[in-house]
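*Asks:* after the sequence you'll find the predicted model.
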Amino acid sequence: MARNYKLEYENYQSTDKAKHERALRNKARRQLMRDGKVHKGDGKDVDHITPLSKGGTSSPGNLRVKTASANRSYPRTKSGAMKRG
């Protein structure tokens, strides 16, 4: 089934909470770019040690640089669903 991006934006990405968290992620990336730790197109992600969704902040002590593949992979069950943690 094709992904309905318009519906996804209307239902989630346009919410105030999603916009706020996106702004925090962008701010964190800009901070590390100023420090010279990441560069545009380098394939690296800025990882929040304590995720924003769990109450983490974008303070320098909560940020680290990881490869995109390492940052975007999550523990999964045998059926492919994400493990709860």
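*Replies:* Received it, and whenever you're ready, just let me know what you need.
*Asks:* what's the helix-or-strand element of the chain with minimal mean pLDDT packed up against?
*Replies:* Least confident helix or strand, the chain: helix 68-71 with a mean of 86, by mean pLDDT, DSSP states H and E. Judged by 3 or more CB pairs under 8 Å, 6 or more residues apart in numbering; DSSP states H and E, helix 68-71 is in contact with strand 44-48. (Each C-beta comes from the backbone N, C-alpha and C, glycine too.)
*Asks:* please work out the average pLDDT along the top helix by length along the chain.
*Replies:* The longest helix of the chain (DSSP state H) is helix 16-34. For helix 16-34, mean pLDDT is 91.
*Asks:* just the buried positions in that helix, please.
*Replies:* 28-29, 31-32 (16 or more other CB atoms under 10 Å).
*Asks:* tell me which of those residues is nearest to Ala81?
*Replies:* Checking the buried residues of helix 16-34 against Ala81 by CB to CB gives Ala28 as the nearest, at 28.1 Å.
*Asks:* skipping adjacent residues, who's closest to the closest one in space?
*Replies:* Closest residue in space to Ala28, ignoring its immediate chain neighbours: Ser58 at 4.2 Å, by CB to CB, 6 or more residues apart in numbering.
*Asks:* wouldn't that neighbour be in contact with Arg29 here?
*Replies:* No. If you go by CB atoms under 8 Å, Ser58 and Arg29 don't touch, sitting 9.4 Å apart.
*Asks:* picking up where we left off before, got the phi/psi numbers for the residue nearest to Ala28?
*Replies:* Main-chain dihedrals, Ser58, degrees, to the nearest 10: phi -100, psi 30.
*Asks:* now for it: which residues touch it?
*Replies:* By CB atoms under 8 Å, 6 or more residues apart in numbering, the residues touching Ser58 are 24-25, 27-28, 31, 48, 52.
*Asks:* need those residues in TSV with distance to Tyr74, can you?
*Replies:* TSV is the format used below for those (distance: CB to CB, whole Å):
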residue	distance to Tyr74
Leu24	20
Arg25	17
Lys27	24
Ala28	19
Gln31	25
His48	14
Leu52	15
